[in-house]
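>>> With the sequence up front, the predicted model follows.
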Amino acid sequence: MNISDDDNNFSYRILFERVFDPIALYRIDGGRIVFEDVNPAYERVMKVSRDEVTGLTFDEVWPDSEPRWQQVITECLAQNRTMHCIGESVDTDSYLEAVAFPIPPGRAAVIFLDRTRLKKSDEALRKRQRQLQALAAKLTITEEATRRAIASDLHDRVGYELVNHLTILRSINSSGIAGEFRAKIQELMTITERIIAENRSLIFELSPPVLKEAGLTPALEELAENILTPAGVHWQIITKGNPDDLEADDSVCVILYRSARELLINAVKHSGASEVSIIINTKPELLTVAVEDNGKGFGVSDSEDGSAEGNGFGLFSVRERLRALGGELRIVSEPNKGAMLIMSCPRKLKYGEFTQ
């Protein structure tokens, strides 16, 4: 080793020898990185001996190593400050973090930290997050399929029976029956008409037929009419892009529709908005639906955990459902300056697991 054993280096020598993580000492000689020394941990982990590497260049010891390990040493010495890098190491079959720091005069010590277990834990966590996102999307789509089935039964079976019932009552009412019975028949007609109206409203709440039959834009218009108009909120639909690009997978339309419903309800309940714009932008690969209001707004940081505008789970669930389809939710807002929530999603899904 080329480090002198004077008093200034004695404590460094003890640290160098006893630390449990691999450490290597380098210098630049003729533009090449040269090994000056390695500690016992480096010998054990890297499966080389001190005598084998001392005096050799980095390329001679590790001819197939990734460029990042030499770059961190070079930059450390060039800038005379601590540098850092992390990545896969083919030579050690592990995921390493390297921290390089200068040691005067003209040397760099690099400590190598094994982050393989941490990386595997992060990958497992990300995999779990993707699974939860996919589950959220699948639940929404499965729920929509169930809603459509129930709504179809209400329309085809209950709805038709009620209309037939009303037709019979009207026929009886026009047949010249006695006055006391006519009043009862008219009362039954009024009740039946109310039940028909409530049945239609229930069908819309369950699953609007227009979404399946006419597409996303008419469905959002009907949604705004049913949510915003009764609340006294003025609204408009704005379409941008190429109308020929509007066609999208049914699952995409379902997620965007249900998410837009969440945002509109949130605007009515929490934002205090008097005006709302629903902006639909179509591109060859992307479908975007934005909900903009002139309400009280919120800090964008408040929305990161889904807590914005008092809607604890709403924005979080919207974001996760969109992510599962390869989409995203972006938020542009400031307190007292309104908000724009932008949902974007691929028009066509790459995989079939979300299609109905």
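Thanks, I have the structure now.
>>> Which helix or which strand is home to the residue nearest to P40 when sequence neighbours are not counted?
Spatial nearest neighbour of P40, excluding adjacent residues (CB to CB, 6 or more residues apart in numbering): E17 at 6.4 Å. Where you see a C-beta, it was placed from the backbone N, CA and C, and this is true even at glycine. Following DSSP states H and E, one finds E17 within helix 7-18.
>>> can you check A273 too?
Going by DSSP H and E, A273 is not in any helix or strand.
>>> Any idea how many residues pack against the residue lying closest to N173 once chain neighbours are set aside?
Closest residue to N173 apart from its sequence neighbours, by CB to CB, 6+ apart: I185 at 4.7 Å. I185 has 18 neighbours, counted by other CB atoms under 10 Å.
>>> Point me to the helix or strand that includes I185.
Using DSSP H and E, I185 sits within helix 179-206.
>>> Also I111?
Using DSSP H and E, I111 maps to strand 107-114.
>>> now for that strand, which elements pack on it?
In terms of contacts (3 or more CB pairs under 8 Å, 6 or more residues apart in numbering; DSSP states H and E), strand 107-114 is packed against strand 23-29, helix 40-46, helix 67-79, strand 94-103.
>>> quick one: which of the ones you listed is nearest I150?
Set against I150 and scored by CB to CB, these come closest in strand 94-103, at 50.3 Å.
>>> Mind listing what's buried along stretch 269-288?
For stretch 269-288, burial by neighbour count (16 or more other CB atoms under 10 Å) applies to 270-271, 273, 276-282, 286-288.
>>> Just the ones of those residues in strands?
V276, S277, I278, I279, I280, N281, T282, L286, L287, T288 (DSSP state E).
>>> quick one: contacts for the residue nearest to the fifth one when sequence neighbours are not counted?
Going back to what we said before, that points to I280. In this structure, I280 finds its nearest non-sequential neighbour in T239, 4.9 Å apart by CB to CB, 6+ apart. Taking CB atoms under 8 Å, 6 or more residues apart in numbering, we find T239 in contact with T217, I279, I280, N281, T282.
>>> would you list these in TSV and tack on distance to P67 and pLDDT?
Putting these into TSV (distance: CB to CB, whole Å; pLDDT from 0 to 100) gives the following:
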residue	distance to P67	pLDDT
T217	51	89
I279	46	94
I280	47	93
N281	42	91
T282	43	86
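>>> Tell me what angle the strand holding I111 forms with strand 23-29.
For strand 107-114 against strand 23-29, the angle by axes from the mean of the first three to the mean of the last three CA atoms, to 10 degrees is 140 degrees.
>>> Partner strands of strand 107-114 and their direction?
According to DSSP bridges, strand 107-114 has the following sheet partners: strand 23-29 (antiparallel), strand 94-103 (antiparallel).
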